[in-house]
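Asker: pasting the sequence and the predicted coordinates here, then a few questions.
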Amino acid sequence: MTSPATLTNGLRFTKGHGTENDFVLLDDRAGLLDLTPALVRALADRRAGVGGDGVIRVAPTASLPEGAAILAVDPSAVWFMDYRNADGSVAEMCGNGVRVFAAYLERLGLAVVPEGQLGSGATLAVGTRAGVRRVRREPNGWYAVDMGPWHLSGGAEAALAGTDVAVAVAGLDSVRPALRVDVGNPHVVLALADAGELEGADLTRAPEVRPVPDGGTNVELVVPLGEELADDGAVVGRVRMRVHERGVGETRSCGTGACAAALAVRTWAGDGAPDVWLVEVPGGTVRVRLLASGHVELAGPAALVADGEIDLDALTVGACS
Ligand SMILES: N[C@@H](CCC[C@H](N)C(=O)O)C(=O)O
């Protein structure tokens, strides 16, 4: 089987986004593409390349070192989301990316994402470095993803005592306590007093987290906005969030970050806090739900906005690293 990404002397791509977290998508169905960090950086470059917060390659799960373990869990997870940050680094998981990946698989005719209600069991299984993720489509066209298990990296006690980690953010007057949440990739969530503080934060520089986390972290700034009644009478929490992504910088949305933000705010709120949260990000709104299984679910839109071909001779691909 050939890979359409490399069929021509150029490199075919599709551009997609989930709440304006944008990606360059590559169809490498044969698993032949040598996606080096330098090539990722060149593709993600917003001036000299296509531009994106990340690059996502469709690869056969069986072609990846982690593929055998994934296929042992679910033999139907035949396609792997090979996710790379814009700086060329590899990340375990991308919540907006996995929805866009599912839409891309459908477009390519490689998989159909079943429409279903929560618990119907009809899902598309996707291989990721964080494990198998299952996706279904909602009647409104949103994609809902079971993002798997999560945990408070510093434990519940430190979370509630505010002694987990401390973060200094440019534009904010003091070092603040924050909470580490792992949703397959690492996050640090920091609650701010109000929308004014949120807007005043300068995320052109990476927030400084102490102790410094091994392997880096994504950082979410959140403002809890209270609770409201949904159409079905359920109580839903609402938070506003900005994010500084590991390997990228400030982005307009982060799906795993939205999960971490909702889980942190829910933890701080204590007993009786809602299981469903709407997370407002600069690029839109996503929904986070704590499932009965203990897993966390992320739902939101996915859009494929352009297709094209890159002239690899014209693309400035720097030194390989
Ligand atoms: N934007 C993504 C997260 C992408 C990976 C992240 N930058 C990391 O390094 O962990 C999302 O929507 O979850």
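Answerer: That came in fine, so what should we check first? Numbers count the residues shown, from 1 in each chain.
Asker: hey, what's the closest residue to residue 151 other than its chain neighbours bridged with?
Answerer: Nearest residue to residue 151, sequence neighbours excluded (CB to CB, 6 or more residues apart in numbering): residue 182, at 5.3 Å. For every residue, glycine as well, the C-beta is placed using N, CA and C. Beta-bridge partners recorded for residue 182 (DSSP bridges): residue 151, residue 186.
Asker: list the contacts of residue 182.
Answerer: Residues counted as contacts of residue 182 (CB atoms under 8 Å, 6 or more residues apart in numbering) are 150-153.
Asker: got a pLDDT number for it?
Answerer: Per-residue pLDDT puts residue 182 at 98.
Asker: and the one 3 residues further on, by the same measure?
Answerer: In this model, residue 185 is scored at 98, pLDDT.
Asker: how close does it sit to residue 297?
Answerer: 16 Å (CB to CB, to the nearest Å).
Asker: these two: who's more crowded?
Answerer: residue 185 (25 against 21; other CB atoms under 10 Å).
Asker: pretty sure the more buried one contacts residue 90?
Answerer: No. Contact criterion CB atoms under 8 Å: residue 185 and residue 90 do not qualify, at 10.5 Å.
Asker: got the residues of the protein near the ligand?
Answerer: Listed as neighbours of the ligand in the chain under the rule CB under 6 Å from any ligand atom: 21, 54, 85, 91, 94-97, 185, 218, 245-248, 254-257.
Asker: name the SS class of residue 196, please.
Answerer: helix (DSSP: H, G, I helix; E, B strand; the rest coil).
Asker: please flag which of the residues of the chain next to the ligand sit within strands.
Answerer: Counting by DSSP state E, the residues of the chain next to the ligand place 21, 54, 85, 218, 245 in strands.
Asker: got the buried residues for stretch 260-267?
Answerer: 260-267 (16 or more other CB atoms under 10 Å).
Asker: let me know the closest of those to the ligand.
Answerer: Using CB to the nearest ligand atom, residue 260 is the member of the buried residues of stretch 260-267 that sits closest to the ligand, with 9.1 Å.
Asker: which element follows the helix or strand containing the closest one toward the C-terminus?
Answerer: If you go by DSSP states H and E, residue 260 is part of helix 255-269. Scanning forward in sequence from helix 255-269 by DSSP H and E, the next helix or strand is strand 276-281.
Asker: so what strands line up beside that next one?
Answerer: Using DSSP bridges, the strands paired with strand 276-281 are strand 235-245 (parallel), strand 284-290 (antiparallel).
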